[in-house]
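[1] got a sequence here, can you build the structure:
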Amino acid sequence: MSLEHEVELIRRFPIFSKLAPAKQKLLCFSSDRLTYAAGQQLFQVGAVGDACYVIIEGTIEISIALDNGKGSHVIAVMGSNEIIGEIAIFGDVPRTATATAKTKLEVLRISADLLRSVIRENPDAAIELIRILAERLANTTAHLSMLSNTAQS
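    Reported below is the predicted structural model:
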């Protein structure tokens, strides 16, 4: 795939859509385009957050380990035009969940340093990232509350 095609793809992502075209091109050029098979893990809970992933095509399951040590629970399924892995980068914490390809998956892997640079230099991207994080926190809180209520019943 050409760099120009990758730039067209990145423009679809709200967090990167308002970047100057030269920054979009640099972002694509400096990132890695990766493919995963269904069932392959992108990262595990507790791992160092050295990059985030922009989903180009396919779906990812985000899961957490159950307290009883018996397996895991899927807390979200994410797809095209979504970003994952940014919490560990900006929270300076280990990965908070495990990400596994649910289908064949194509992603753009953006290093932590590059993402921090983009956010520092682009207030619109920073605001969009905050919106994404707030929405994700609300959804996760609602999901875990529902899970807790089900377990108590």
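
[2] which residues sit against stretch 62-69?
    The contact list for stretch 62-69, computed with CB atoms under 8 Å, 6 or more residues apart in numbering, reads 45, 71-78, 84, 96-100. Placement of C-beta: from N, CA and C, glycine included.

[3] check stretch 133-140 too.
    Stretch 133-140 has contacts (CB under 8 Å, 6+ apart) with Ile75, Ala76, Glu86, Ile87, Phe90.

[4] closest to Glu57 among these?
    Set against Glu57, the nearest of those by CB to CB is Ala76 (17.6 Å).

[5] I am assuming that closest one contacts Ala142, so please confirm or correct that.
    No: using CB atoms under 8 Å, Ala76 is not in contact with Ala142, being 11.1 Å away.

[6] give me the beta-bridge partners of the spatially most central residue of the chain?
    The structure's the chain has its C-alpha centroid closest to Ile84; by CA atoms, centre = their mean the separation is 0.7 Å. Counting by DSSP bridges, Ile84 is bridged to Tyr53.

[7] for Ile110, see how far away the closest residue to Gly46 other than its chain neighbours is.
    The spatially closest residue to Gly46, leaving aside those adjacent along the chain, is Pro94, at 4.8 Å (CB to CB, 6 or more residues apart in numbering). Pro94 is 18 Å from Ile110, where distance means CB to CB, to the nearest Å.
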